[in-house]
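Asker: Give me the fold of what follows.
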Amino acid sequence: MKVITTEKIPVKLWLDDIEDGALQQARNLANLFFAFKHIAIMPDSHQGYGMLIGGVLATNSVIVPNAVGVDIGCGMVAVRTSLKDIDTDTLRQIMGKTRETIPVGFRHHPEDQEWEGFSEAPDLPIIQQELNSSRKQLGTLGGGNHFIEIQKGDDGFVWLMVHSGSRNFGLKTAEVYHKTTEKLCERWGSNIPNKELSFLQMDTQEGQDYYTAMNFCLRFAQANRSFMIKRLTGIVSEITGAKMEEEVNIHHNYAALENHFGKNVLVHRKGATKATEGLTGIIPGSMGTSSYIVEGLGNDESFKSCSHGAGRRMGRKEAIRSLNLEEEQEKMKYVLGAPRSQEELEEAPGAYKNIDEVMENQKDLVKIKVKLKPLAVIKG
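Answerer: Numbering: from 1, shown residues only. A predicted model of the protein is given here:
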């Protein structure tokens, strides 16, 4: 861990190779008048919108929409199967059936999905606005870095993993409330280093409304992953006869009231995973690299958090422009679903940091339970 002490509060970093833009965003966080104790920067950190991805910000009675992110509740679900081996033909069969069953990218289900949460949606304009369309989005993967993967663990078992979030609910909620925060902070004349870090006081109606909307997005995101993993496990069971033996479902874009250093604070984890002592978590790699099932060590200095993945080392457009297709295909030669064209390189292994270095940098935050090697992947 490195510590920067030149700002109002310290910045504690679990990495060496932080880009200039991300470092400036970390400094901006450390100069917010409502930031608590210190800023924690995870080893997968890179520049984001307003707040860097892979950052942890604790606040005193304040919530910052851009410190949660636009994909509210984005996270991971992983399931261990009873399978110990799986051949290529079976993988192809599972992947084909999965593509038919789980919509990816901009595709949605043709019919409404049933979920008890729809009847309990809060009466907030943005939630009600997106409610009807979300009925067809539930159980869909989305695009970007979202994925479905079949993996072989060093525990001897085959695992299934899905990375996805709250779909349009989270995006629209983030957009609407960030605009609200900008207007309010301008009206208040708030002293913040960047308007992208505009905030809401938790004792205001706007703050309570955002917190309510965010928590519903978290609930929807978790249900979204649950629907997909249920359908994926059903396909695997149908084809192989396998049983499902363990499931983990976690968020890495959210804010929550927690107690740290003897005080109740609002902890924002944007691209960071909760890692309280004994808590099971998931840290995925990139396409073609290992992922990890981990156990939290409850390190107070990171606000009991860890990385949410490998972390990008270049943007999507830069990856498409600069990576070599043949080299990236070689890295994934044993994985079904490798990039087939230059345009598919935005999520290739070369676009990401070395996941093994990321894990080495956070040995004081988590311990590895299972290392997972990818066998087949569907990218959003």
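
Asker: mind checking the end-to-end distance for stretch 14-21?
Answerer: 17 Å (Cα to Cα, to the nearest Å).

Asker: And that stretch, what's buried?
Answerer: Using 16 or more other Cβ atoms under 10 Å as the test for burial, stretch 14-21 gives Trp14, Leu15, Ile18. In short, each C-beta sits where N, CA and C put it, glycine included.

Asker: Out of the residues you listed, which is nearest to Ile320?
Answerer: Ile18 (23.6 Å; Cβ to Cβ).

Asker: Please, which helix or strand holds the nearest residue to that closest one once chain neighbours are set aside?
Answerer: Excluding the flanking residues, the one nearest Ile18 by Cβ to Cβ, 6 or more residues apart in numbering is Ser45, at 5.9 Å. If you go by DSSP states H and E, Ser45 is part of strand 39-46.

Asker: elements contacting the longest strand along the chain?
Answerer: Longest strand in the chain, counting residues (DSSP state E): strand 366-379. Applying 3 or more Cβ pairs under 8 Å, 6 or more residues apart in numbering; DSSP states H and E, we find strand 366-379 packed against helix 88-101, strand 147-153, strand 158-164, strand 280-283, strand 291-296.

Asker: what angle do it and strand 147-153 make?
Answerer: 130 degrees (axes from the mean of the first three to the mean of the last three Cα atoms, to 10 degrees).

Asker: Next, the buried residues of the helix ranked longest in the chain.
Answerer: Determined from DSSP state H, the single longest helix within the chain is helix 205-240. Neighbour counts using 16+ other Cβ under 10 Å place 206-207, 209-211, 213-229, 231-233, 235-236, 240 of helix 205-240 among the buried residues.

Asker: Stretch 350-367 now?
Answerer: Buried-residue list, stretch 350-367, by 16+ other Cβ under 10 Å: Gly350, Ala351, Tyr352, Lys353, Asn354, Ile355, Val358, Met359, Asn361, Gln362, Leu365, Val366.

Asker: Restricted to strands, list those residues.
Answerer: Judged by DSSP E, the subset of those located in strands is Val366.

Asker: so can I have CSV of the buried residues of stretch 350-367 showing distance to Leu57?
Answerer: Formatted as CSV, those follow (distance: Cβ to Cβ, whole Å):
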residue, distance to Leu57
Gly350, 30
Ala351, 26
Tyr352, 23
Lys353, 21
Asn354, 26
Ile355, 24
Val358, 20
Met359, 23
Asn361, 20
Gln362, 18
Leu365, 17
Val366, 20
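
Asker: Which one of the buried residues of stretch 350-367 is nearest to Gly311?
Answerer: Closest to Gly311 out of those is Lys353 (4.7 Å), distances taken as Cβ to Cβ.

Asker: Just put the helices and strands packed on strand 366-379 in JSON lines and tack on distance to Asn259, mean pLDDT and mean neighbour count.
Answerer: Listed next are these as JSON lines, based on distance: least, Cβ to Cβ, whole Å; pLDDT from 0 to 100; neighbours: other Cβ atoms under 10 Å:
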{"stretch": "helix 88-101", "distance to Asn259": "41", "mean pLDDT": "97", "mean neighbour count": "15"}
{"stretch": "strand 147-153", "distance to Asn259": "34", "mean pLDDT": "97", "mean neighbour count": "23"}
{"stretch": "strand 158-164", "distance to Asn259": "29", "mean pLDDT": "97", "mean neighbour count": "26"}
{"stretch": "strand 280-283", "distance to Asn259": "20", "mean pLDDT": "98", "mean neighbour count": "24"}
{"stretch": "strand 291-296", "distance to Asn259": "16", "mean pLDDT": "98", "mean neighbour count": "23"}
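
Asker: if I read this right, Asn191 contacts Phe33, doesn't it?
Answerer: Yes: using Cβ atoms under 8 Å, Asn191 is in contact with Phe33, at 6.3 Å.

Asker: what about the two, which has more around it?
Answerer: Set Asn191 next to Phe33 and count neighbours by other Cβ atoms under 10 Å: Phe33 wins out with 12 against 9.

Asker: hang on, that one in a strand?
Answerer: No: remark: Phe33 does not belong to a strand; assigned using DSSP: H, G, I helix; E, B strand; the rest coil, it is coil.

Asker: Now it: phi and psi?
Answerer: phi -70, psi -20 (degrees, to the nearest 10).

Asker: rewinding a little: tell me which of the buried residues of stretch 14-21 fall in strands.
Answerer: Residues of these located in strands (DSSP E): none.

Asker: So what touches stretch 93-113?
Answerer: 133, 135-143, 146, 148, 150, 227-228, 231-232, 235-236, 239-240, 336-337, 376, 378-380 (Cβ atoms under 8 Å, 6 or more residues apart in numbering).

Asker: So for Gln329, what's the pLDDT?
Answerer: pLDDT, Gln329: 89.

Asker: What count of nearby residues applies to it?
Answerer: By other Cβ under 10 Å, neighbour count at Gln329 equals 17.

Asker: Remind me which helix or strand it belongs to.
Answerer: Assessed by DSSP H and E, Gln329 sits inside helix 325-331.

Asker: Now do that helix: distance to the chain's middle.
Answerer: Counting by Cα atoms, centre = their mean, to the nearest Å, helix 325-331 is centred 26 Å from the centre of its parent chain.

Asker: Next: stretch 232-245.
Answerer: Centroid separation for stretch 232-245 versus its chain: 26 Å, with Cα atoms, centre = their mean.

Asker: same deal with stretch 23-36?
Answerer: On Cα atoms, centre = their mean, the centre of stretch 23-36 falls 22 Å from that of its chain.

Asker: Buried residues of it, list them for me.
Answerer: Applying 16+ other Cβ under 10 Å to stretch 23-36 flags Leu23, Gln25, Ala26, Arg27, Asn28, Leu29, Ala30, Asn31, Leu32, Phe34, Ala35, Phe36 as buried.

Asker: So what would you say the end-to-end distance of that stretch is?
Answerer: The straight-line separation of the ends of stretch 23-36 (Cα to Cα) is 18 Å.

Asker: Also stretch 258-277?
Answerer: With Cα to Cα applied, stretch 258-277 spans 14 Å between its terminal residues.
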